[in-house]
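# Sequence and predicted model, in that order:
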Amino acid sequence: MTDLAAFWVRFRTNRPAVAGLAVLAVVLVMAAIGPTLYPTDPFDMVGRPFLPPFGAYPLGTDVAGRDILAGILHGARISLMIGIMASFGATVFGVAVGAVAGYYGGWLDNLLMRLTDFFLTIPSFVLAVVLVAIFSPDIVTIVLAIATVSWPSVARLARGEFIAHRQREYVLGCRALGMRDREIILFQIMPNALPPVVVVGSLTVATAILTESGLSFLGLGDPNLVSWGYMIGVARTVLRSAWWMAAIPGLMILITVLAINLVGEGLNDALNPRLRQR
Amino acid sequence: MRPVLEIDGLSVEFASARGPVAAVNDLSFAIGEGETVALVGESGSGKSTAAMAILRLIASPPGRVVKGRVLFEGVDLLGLSPADLRKVRGDRIGMIFQDPMMALNPVYTVARQIAEVLEVHRGLAGRAALDEVVSLLRLVGVPAPETRAGQYPHNLSGGMRQRVMIAMALECKPRLLIADEPTTALDVTVQAQVLRLIEDLKSRLGMSVLLITHDMGVVSQSAHRVVVMYAGRKVEEGATRDLFAAPRHPYTQGLLRAARRARADDGTLWEIRGTVPSPHAMPPGCGFAPRCDCARAACAAAVPELTRTADGHEVRCIVAAEGAA
């Protein structure tokens, strides 16, 4: 608890991060209760297409006469969920790979890191497009595809942390006390190695949301779910006649990604041991 | 009397870009029941490597035990399965390290770290473990153990941290304690306290101690027997009193002279001239010959054999062996 309090004190000094956290909180609340408060189905044709905002519908209607506000609220849920789940999966897998590679070293490290390099050399968005195109474009595939292209950077970071800690005396001490490798990796080194990983993981959420938007824009989103990227994709053909249709979800993506990045930077400053005051 | 620990012909190599390097070469010595043996030598002499090799803590690669046996209570530790080895580590053999700041995990409280050992070897957890932790901290002389138990390593002073390390090493009442330069990172007043603590606990728990140090003052205070290492080899072994009264090997003589703050002719502090030869360029003969005042042609020809004198003293030096004969 005192640790958490000390962390909050450090985090609070970073104004942009606090602002980012506030914005992010609003977006999260919006995603959580928005669809309940505004239950209009985002796929329902509610009125005439191309209605501008601030008319009968707060944000107007799209090319098929669907309520844009409903799309924004329901889409927030999908975009955030995909972003969080994909980056969570990427972080867990990346940490596992990096921890094993960094702790054991040798041929295992070589094998895992060449695998990581293999993924890093392929442009991640292109790989995500290929993966979604090969399998059916549903939400599970999309989450897995984004996680698949996001884990290598986490793995590299975790490996570096584990290599640095592997040689520390406390790890030697744990081995001298008869602890298993598994216990040392999970319970001794992990808490020490986690702070930078948490930072990168949080930034991965932003990237994942952008990737999902990009996929949906190209028509590779889940056709049964509305996401912000899907809305932009729908609006792209009418960009010159009804710019707000793409601009509104675009602005939401911009705000959310910016907020996540600010929070990530704030986490970095607050968790970075070098900046800690004792 | 059967020795608790017997090291027999231990050799450890490290792989390097310029081929394998011998860090420990054909080292043999034994530690009897209740005995404190000091392993002495300067940095790079292989003393810490030897200590780490006992519990197989040398990172491999690059390190490798090339040959030899480490018999603990008659069982070769080098041949044990990982599971059996874990039962020895921390339970039958405890180890404490040089830098108590680095040797404690910064993210856990003192209590949690001490309790972990109890959980690993005794299956003790919860309230019972916490009570045991507090009594252990009291045993090693940590004041206000209830408060200290809830604190983090960075809240404690160096001496306090070393006491916590000792508590962790001793909680399973091991037969043997390996202390790798336990006092080097501490200031002099605390050094004495920590040594006294180890000595006190040793007699209370009836264990043997392997003390690795480069501090001859520490050796004279606590060791029964001394093993002097130079450039990976044992160069002299004898009872502490004998060795201090009449060191045979020129290197030991030099060490003791330096430790006693002897003055050279020009009034500066006396020192052993030169440095330890690089492990890549080890002379074919006696490793100390290039720095030795009594070196002769034969010294550079081949590594001298260990010679045992009547009083159980061992020395690896041609000149000293002739003098004794």
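Structure's in. What do you need?

# Residue numbers of chain A in contact with chain B?
Contact residues, chain A versus chain B (CB under 8 Å from any CB of the partner chain): A:105-106, A:167-170, A:172-180, A:183, A:188, A:191-192, A:278. Every residue, glycine included, has its C-beta placed from N, CA and C.

# Apply the buried test to these and list what passes.
Among the residues of chain A next to chain B, those scoring as buried are A:105, A:168-170, A:172-179, A:188, A:192 (criterion: 16 or more other CB atoms under 10 Å in any protein chain shown).

# where does the stretch 1-150 of chain B dip in pLDDT?
B:1 (pLDDT under 70).

# burial count for B:Arg112?
Applying other CB atoms under 10 Å in any protein chain shown, we find 18 residues neighbouring B:Arg112.

# again but with A:Leu108, I slipped
13.

# The residue nearest to the spatial centre of chain B: what secondary structure?
By CA atoms, centre = their mean, chain B has its centre lying nearest to B:Ile212, at 2.3 Å. Classification of B:Ile212 using DSSP: H, G, I helix; E, B strand; the rest coil returns strand.

# Please go through chain B and pick out the longest helix.
With secondary structure taken from DSSP state H, chain B has its longest helix at helix B:188-205.

# just checking, what packs against that helix?
helix B:158-170, strand B:176-180, strand B:208-213, helix B:216-222 (3 or more CB pairs under 8 Å, 6 or more residues apart in numbering or on different chains; DSSP states H and E).

# Now do the third one: which elements does it pack against?
So that's strand B:208-213. strand B:21-31, strand B:36-40, helix B:47-54, strand B:176-180, helix B:188-205, helix B:216-222.

# tell me which element B:Val235 is part of?
strand B:233-239 (DSSP states H and E).

# contacting residues around that strand?
B:25-29, B:46, B:224-229, B:243, B:247-249, B:251-252, B:287-288, B:303, B:306, B:311-317 (CB atoms under 8 Å, 6 or more residues apart in numbering or on different chains).

# between the helices and strands packed on helix B:188-205, which gets nearest to B:Val117?
helix B:158-170 (5.6 Å; CB to CB).

# tell me the angle the closest one makes with helix B:188-205.
Interaxial angle of helix B:158-170 relative to helix B:188-205 (axes from the mean of the first three to the mean of the last three CA atoms, to 10 degrees): 20 degrees.

# pLDDT on helix B:158-170, on average?
In this model, helix B:158-170 has a mean pLDDT of 86.

# Which residues belonging to stretch B:289-300 are considered buried?
B:Ala289, B:Pro290, B:Arg291, B:Cys292, B:Ala295, B:Cys299.

# quick one, what contacts the first one?
Pointing back at B:Ala289 there. B:Pro283, B:Ala295, B:Cys299, B:Ala300.

# Surely the first one touches B:Val276?
Just to be clear, that refers to B:Pro283. No - assessed by CB atoms under 8 Å, B:Pro283 is found out of contact with B:Val276, at 11.3 Å.

# okay, those two: which has more neighbours?
Comparing B:Pro283 with B:Val276 by other CB under 10 Å, the one with more neighbours is B:Val276, at 19 against 15.

# Just to be sure, that one is in a helix?
No - in this structure, B:Val276 is coil, not part of a helix, as judged by three-state DSSP.

# Just give me the neighbour total for the spatially closest residue to it that is not a sequence neighbour.
Nearest residue to B:Val276, sequence neighbours excluded (CB to CB, 6 or more residues apart in numbering or on different chains): B:Gly44, at 5.2 Å. Counted with other CB under 10 Å, the neighbours of B:Gly44 add up to 18.

# Could you give the backbone dihedrals for B:Gly44?
Dihedral angles of B:Gly44 (phi, psi; degrees, to the nearest 10) stand at phi 90, psi 0.

# With distance to A:Val263 and mean neighbour count added, can I get the helices and strands packed on strand B:208-213 in a markdown table?
Listed next are the helices and strands packed on strand B:208-213 as a markdown table, based on distance: least, CB to CB, whole Å; neighbours: other CB atoms under 10 Å in any protein chain shown:
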| stretch | distance to A:Val263 | mean neighbour count |
| --- | --- | --- |
| strand B:21-31 | 49 | 21 |
| strand B:36-40 | 53 | 26 |
| helix B:47-54 | 44 | 24 |
| strand B:176-180 | 44 | 25 |
| helix B:188-205 | 44 | 16 |
| helix B:216-222 | 52 | 19 |
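
# Which helix or strand contains residue 107?
All of this refers to chain A. If you go by DSSP H and E, A:Trp107 is part of helix A:106-121.
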